[in-house]
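Asks: Sequence and computational prediction follow.
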Amino acid sequence: MTAIVEFLALDHPILDVRSPGEFAQAHIPGAISFPLFTDEERAQVGICYKQEGRDRAVELGFAIAGGKFAGFIAQAREIAPDRQVRLHCWRGGMRSGALAWVLGMAGFEVTTLKGGYKAFRHWAMRQNDRSLSVVTLGGMTGTGKTNILAALAAAGEQVLDLEAIANHRGSSYGALGLPPQPSTEQFENLIAMQWAKFDRDRPVWIEAESRGIGRCRIPIGIFNQMKQAPILQIVRSRSERLKLLVEMYGTAEIEELVTATDRIRKHLGGLRTQQAIDLLRQKKLAEAFDIVLDYYDKTYQYDLEKRRIFVHTIDVTNCSDRESALRLIKAHQQLIESAIAVS
């Protein structure tokens, strides 16, 4: 069996032999579901183990899986023509051991993860507690922070795009047009794989977020670093912001936009909410978003004042994403140089 760091460093396909339900809840990013048992079969073996003991459960397991062995070998050959695979179950026990034996007999070179997925989870949580040099990218709704993060990455900066990982833009409208969100556990796994690769001696750019992004929760170790990090805040003209919002949400179904707007009725107020909804149904998106921005701007400003952290503002009005990114990089470098000069 191989320890987690060495296991992840290999580049062979990862076969996750846990049940489909376990895999769907969360898994090692990039792993392929390769279940020894269905969810129902796993439950049967588990009940047998509790009621009749290990030996009887092992017998039942082989009785259930034995007829599938030829299929497992054929499937593995399709996935890994070179016959080299990584393999794990929940704790590196009977399921991975049985399948490793079967594939080994068929001529595969099998690397089994010591401690299984549970060991990976311990590793992921340790990575997400790792301290790095965080720079928070702030800015009101519609300033194009997501696009600028992409431009920062293209310029060679280290970027953690939490909204992209969460499949959510962080507002009432955040899920529109995006795939379903991962579970919080899978969200943590995806973050850990990126966080582990970041250079401690270089900044990591992260968009300012509340801890919850849709249903996903930012790992507390990273969120605490975000709260303490300096904020480089971008500003744009309101007309540019409205244009960006229309570009972002203009292809969404009108009734989806109406539903998302209605969700903030309590905060926006009944009259203003109805006005925005009426404008949406008239397909006057810019005018509707102009009303909604009042709520989001006040919320952003309140959260910013509550944090009581250093904020440096950069005006990116009429700037392209690349130009905005370069301005941010320059501003951050100047802040570092100023801090060094003072010290």
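Replies: Structure's in. What do you need? Residues are numbered from 1 along each chain as shown.
Asks: pull the helix or strand with minimum mean pLDDT from the chain.
Replies: helix 54-65 (a mean of 85; mean pLDDT, DSSP states H and E).
Asks: what's in contact with that one?
Replies: 36-37, 41, 44-46, 48-49, 94-95, 98 (C-beta atoms under 8 Å, 6 or more residues apart in numbering). All C-beta spots, glycine's among them, are computed from the backbone N, C-alpha and C.
Asks: repeat that with 7 Å
Replies: Helix 54-65 has contacts (C-beta atoms under 7 Å, 6 or more residues apart in numbering) with 36-37, 41, 44-45, 48-49, 94, 98.
Asks: How about stretch 260-268?
Replies: Outside of stretch 260-268, the residues within contact range by C-beta under 7 Å, 6+ apart are 172-173, 176, 273, 276-277, 280, 292, 295.
Asks: That one: how far from the chain's middle?
Replies: 26 Å (C-alpha atoms, centre = their mean, to the nearest Å).
Asks: ditto for stretch 163-171
Replies: Computed by C-alpha atoms, centre = their mean, the separation of stretch 163-171 from the middle of its chain amounts to 8 Å.
Asks: dump the residue contacts of the spatially most central residue of the chain.
Replies: Centroid check for the chain by C-alpha atoms, centre = their mean gives residue 165 as the closest residue, at 2.8 Å. Residue 165 is in contact with 187, 190-191, counting by C-beta under 7 Å, 6+ apart.
Asks: Kindly recompute the last result at 6 Å.
Replies: Shown in contact with residue 165 (C-beta atoms under 6 Å, 6 or more residues apart in numbering): residue 190.
Asks: That one and residue 149: what is the separation?
Replies: Residue 165 sits 12 Å away from residue 149, going by C-beta to C-beta, to the nearest Å.
Asks: sorry, back to before: what's the closest of the contacts of stretch 260-268 to residue 218?
Replies: Closest approach between those and residue 218, by C-beta to C-beta: residue 172, at 18.6 Å.
Asks: Just to be sure, that closest one is in a helix?
Replies: No: assigned with DSSP: H, G, I helix; E, B strand; the rest coil, residue 172 falls outside any helix and is coil.
Asks: re the thing from before, so what sits against both of residue 165 and residue 149?
Replies: Contact with both residue 165 and residue 149 is made by no residue, according to C-beta under 6 Å, 6+ apart.
Asks: Local confidence estimate at residue 342?
Replies: Residue 342 carries a pLDDT value of 67.
Asks: The stretch 51-200 of the chain: helices as residue ranges?
Replies: Remark: helices assigned in the stretch 51-200 of the chain by DSSP state H, counting those that start in this stretch are 54-65, 69-79, 94-105, 116-127, 145-154, 162-166, 184-195.
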